[in-house]
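*Asks:* Mind folding the following:
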Amino acid sequence: MHIPYRSVALSLLILGFSAIVINRAQAGGGHFYAPSSEAVTQQECGSCHLVYAPSMLPASSWRRMMGDLANHFGEDASIDAAKAQIITDNLVAQAADNAGRNFSAKLMRGVSLTQAPLRITELPTWLNKHQKVPAWEWQHQDVKSKSNCTACHTQAAQGYYDE
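*Replies:* Okay, the predicted model is just below:
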C-alpha cells in the first residue's frame, strides 16, 4: 500500500501543531506559576490573602519572609513554629530556584537569587509587565493594591496569570 507524501506531511503538521497548542494550554500560555497545594500553607496564608505561587520568588526571599512574620508587610502574621516550618519548607521546595524553576524562568530574569526582593511586585519582569497600568487603576476600589493579583488575574489562585 502506498501512502502519499502529502498525507504524511499533513499528518505530521497537524500533530506538531496540536502538540504546541496542548503544551501552551498546559503551561498557561507562559504565565503559569504552580500554586501551592500544601494544606497548612493554604490555611494560614490563604486566610488573609491569595496564596502566592512559591515559584514566584527564590528560596532566599521565602526564608527571609517566613523568618520575620511579626513584621509581615506591616502586619503581625505570627504563627506557631511548627506551622511556620511546614510553610517555609513548602515554599522553599517549590521556589523559583528549586522545583519551581520550570515555571519561573521569565519572572526571575535580572533577579539575584541571594538578594531578591520580598515583594513579587518588585521583580523586574513584574514591573515591566505592569508598567502600562495607570496609577489610578491600582487605587480602584476593586484593586486597592498591586499585590491583589486576583483583581485582574481571575485565575491566579489556580496559577494562571494570562488575563
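
*Asks:* if I pick Ala151, what's in contact with it?
*Replies:* 140, 142-144 (CB atoms under 8 Å, 6 or more residues apart in numbering). Yep, even glycine has a C-beta here, placed from its N, CA and C like the rest.

*Asks:* residue contacts, the residue nearest to the spatial centre of the chain?
*Replies:* Closest to where the C-alpha atoms of the chain average out (CA atoms, centre = their mean) is Tyr33, at 3.6 Å. Applying CB under 8 Å, 6+ apart, we find Tyr33 in contact with 53, 55-56, 100, 103-104, 107, 159, 161.

*Asks:* Take these and keep only those in helices.
*Replies:* Counted as lying in helices by DSSP state H, out of those, are 103-104.

*Asks:* what's next to the helix or strand hosting Trp126, contact-wise?
*Replies:* In this assignment (DSSP states H and E), Trp126 forms part of helix 124-129. Applying CB under 8 Å, 6+ apart, the contact partners of helix 124-129 are 106-111, 120-121.

*Asks:* Mind checking which of those residues are buried?
*Replies:* 107-108, 111, 120 (16 or more other CB atoms under 10 Å).
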